[in-house]
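Chemist: my questions are about this predicted structure, shown below with the sequence.
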Amino acid sequence: MGADATSLAAPARAPDPVRMTYTPPPHVTQHWHLRKPAARGRRGVVASQSRDAAEAGLAILNAGGNAADAAVGTAFALAAMEPWNSGLGGIGFAQVAGPGIPAQTLDFGPISPAGLNAADFLLTGRMKQDLFSWPEVEGDRNIHGPMSFVIPSAVAGYAALHEAHGRLPWAEVLAPAVALARRGLPSDWFTTLKVANAAVTLRLYPESARLYLPNGLPPVAPYQGSPGFLPLGALPDTLERLQRAGARDFYEGEVARAIVADVREAGGVLAAEDLAGCRARTLPAVAVPWRGHTLHLANGLTAAPTFRRVAELMEAADWSGAAPGTSWHVAFARAMQTAYAERLAELGDAEPKAAESCTTHLTVVDADGMAVAMTTTLLSSMGSRVVLPRSGVLMNNGVMWFDPRPGTPNALGPRKRPLTNMSPVIA
């Protein structure tokens, strides 16, 4: 013990000078390994980010429906299961092809209200770093709130797809969505994340705050036990009304009157005439040959021209093995950079930067070979952040697609279609 005590008391040797320098790498919160397994089914396949919505589509296939029925049922289910991405207040595009069905685009993209006036969107002189790098508008009224609405054409698009190609009765196709909406939005960790990301603006609008911010805060799943479900306000009643009365009620009936009343009270310009004139349009798909195959791209004001340019640049890329190698991926990165540089040079700096995902895509293929690829969105996550109290519809903020600078090709204006960056494809 004496020796040990003496050694502990001895003076320590001076430490060597630190010569190593260390720069921390970029912080990464999570390390995920992503895999996309193949899906197989007797009656077809339904793919959606929301499993519950995909299961709804699968139930429609199992009930004898086809790809159009299942796609419409899945899209309506997403209004309850994925409200931050899409819903009755949204817009979109769909591609359809199959036996006896030439590839076609169903365009239910954004159109501004007749009462939209560019003079109502004054610029602050600063730039806005949101989904799009537009000049900042006073009060962000092109990003959230009642002035950010374009005509909600999603219901018209879903109805047009069902009318043209569906097999089951309309009421049966909407049945799963009604049941899911009655159950409510799952109050799990992902709901917490999505609501928290939008909470700073959701709290500005009374019905949005009431539904998504109980007690003034984002919902949190219980520490133990199963998560519950958040009520969705008037949305279940609206879906049930559309199930009984048909899709046009959203534009010319009881639901339309509820929407117009809420928009008027909130100070927006979306009017009854805008809703009554809303129709989806069917266009021939844009066929692009590529490596012995045909890519059917979406017609209309979509990202299809940029997709086409990337395909053109990739035609000669090396793909000599069973899967693309390093040189192919380098060529792909360069093609994307080139195509988007050309797009931005012609159309303005209007593409997303490192933004979160806030659009949904679903794909359905049935046993007969009909395929539907649908992209549908509210634009931003939670769209305008405005839930209309009488209908429970969470509205889009499609006005943000327009360039707020007067005189530009994509400038704000009444009854206009803005350029969008959606591009559903069937190969």
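Modeler: All right, it came through fine.
Chemist: how far out from the middle of the chain is stretch 102-111?
Modeler: On the basis of Cα atoms, centre = their mean, to the nearest Å, the separation between the geometric centre of stretch 102-111 and that of its chain is 16 Å.
Chemist: ok, and for that stretch, which residues are buried?
Modeler: When neighbours are counted by 16 or more other Cβ atoms under 10 Å, the buried residues of stretch 102-111 are found to be 103-111. For glycine as for every other residue, the C-beta is placed from the backbone atoms N, C-alpha and C.
Chemist: mind checking which of the residues you listed are in helices?
Modeler: Among the buried residues of stretch 102-111, none falls in helices (DSSP state H).
Chemist: which of those sit farthest apart?
Modeler: Longest distance between any two of these is 23.8 Å, between 103 and 111; criterion Cβ to Cβ.
Chemist: all helices of the stretch 301-427 of the chain, in order?
Modeler: 304-314, 326-347 (DSSP state H, counting those that start in this stretch).
Chemist: residue 424: which of the ones you listed is closest?
Modeler: Proximity of the helices of the stretch 301-427 of the chain to residue 424 was assessed by Cβ to Cβ; the nearest stretch is helix 304-314, lying at 9.3 Å.
Chemist: mean confidence for that closest one?
Modeler: Computed over helix 304-314, the mean pLDDT rounds to 88.
Chemist: could you export that helix as CSV, CA atoms only?
Modeler: Coordinates of each C-alpha in helix 304-314 appear next as CSV, following Å, rounded to 0.1, in the frame of the first residue of the first chain:
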residue,chain,number,x,y,z
ALA,A,304,-42.7,15.8,-68.7
PRO,A,305,-40.5,17.9,-71.0
THR,A,306,-37.7,17.7,-68.4
PHE,A,307,-38.2,14.0,-68.0
ARG,A,308,-38.1,13.7,-71.8
ARG,A,309,-34.8,15.6,-71.9
VAL,A,310,-33.3,13.4,-69.2
ALA,A,311,-34.3,10.3,-71.2
GLU,A,312,-32.7,11.7,-74.3
LEU,A,313,-29.5,12.4,-72.5
MET,A,314,-29.5,8.9,-71.0
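Chemist: name the surrounding residues that touch that helix.
Modeler: Contacts with helix 304-314, where a contact means Cβ atoms under 8 Å, 6 or more residues apart in numbering, come from 286, 288, 290, 295, 297-298, 331-332, 334-336, 338-340, 342-343, 423, 425.
Chemist: buried sites along it?
Modeler: Buried-residue list, helix 304-314, by 16+ other Cβ under 10 Å: 304-311, 313-314.
Chemist: now the helices of the stretch 301-427 of the chain as TSV including distance to residue 213?
Modeler: Written out in TSV, the entries for those read as follows (distance: least, Cβ to Cβ, whole Å):
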stretch	distance to residue 213
helix 304-314	38
helix 326-347	37
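Chemist: which among those helices is found nearest to residue 371?
Modeler: Proximity of the helices of the stretch 301-427 of the chain to residue 371 was assessed by Cβ to Cβ; the nearest stretch is helix 304-314, lying at 17.1 Å.
Chemist: ok, back up a step: looking at the helices of the stretch 301-427 of the chain, which is closest to residue 53?
Modeler: The closest of those to residue 53 is helix 304-314. By Cβ to Cβ, the value is 25.5 Å.
Chemist: now that closest one against helix 326-347, angle please.
Modeler: Relative orientation of helix 304-314 and helix 326-347, computed by axes from the mean of the first three to the mean of the last three Cα atoms, to 10 degrees: 140 degrees.
Chemist: right, and the helices of the stretch 301-427 of the chain - which one's nearest residue 221?
Modeler: Closest to residue 221 of the helices of the stretch 301-427 of the chain, according to Cβ to Cβ: helix 326-347, at 38.0 Å.
Chemist: re earlier: name only those of the contacts of helix 304-314 that count as buried.
Modeler: The neighbour count (16+ other Cβ under 10 Å) marks 286, 288, 295, 297-298, 331, 335, 339-340, 343, 423, 425 as buried among the contacts of helix 304-314.
Chemist: tell me the one of those nearest residue 262?
Modeler: residue 298 (31.4 Å).
Chemist: contact partners for the closest one?
Modeler: For residue 298, counting by Cβ under 8 Å, 6+ apart, the contacting residues are 93, 95, 105, 107, 285-286, 304, 375, 422-425.
Chemist: per-residue pLDDT, it?
Modeler: Residue 298 is assigned a predicted lDDT (pLDDT) of 89.
Chemist: what is the rounded mean pLDDT of stretch 141-161?
Modeler: Looking at stretch 141-161 alone, the average pLDDT works out to 97.
Chemist: buried ones in it?
Modeler: With the criterion 16+ other Cβ under 10 Å, stretch 141-161 contains buried residues 141-161.
Chemist: what of stretch 268-288?
Modeler: Within stretch 268-288, the residues that qualify as buried by neighbour count (16+ other Cβ under 10 Å) are 268-272, 274-275, 278, 280, 285-286, 288.
Chemist: among those, which are in helices?
Modeler: Secondary structure assignment by DSSP H places 272, 274-275 of the buried residues of stretch 268-288 in helices.
Chemist: can you flag which of the contacts of residue 298 belong to strands?
Modeler: When those are checked against strands using DSSP state E, the ones located there are 93, 95, 105, 107, 286, 375, 425.
Chemist: adding pLDDT, write these out as CSV.
Modeler: As requested, the ones in strands among the contacts of residue 298 are arranged in CSV below (pLDDT from 0 to 100):
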residue, pLDDT
93, 96
95, 95
105, 95
107, 95
286, 91
375, 96
425, 91
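Chemist: if we can go back for a sec, got CSV for the ones in helices among the buried residues of stretch 268-288, with pLDDT and distance to residue 413 too?
Modeler: Converted to CSV, these look like this (pLDDT from 0 to 100; distance: Cβ to Cβ, whole Å):
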residue, pLDDT, distance to residue 413
272, 98, 20
274, 98, 14
275, 98, 19
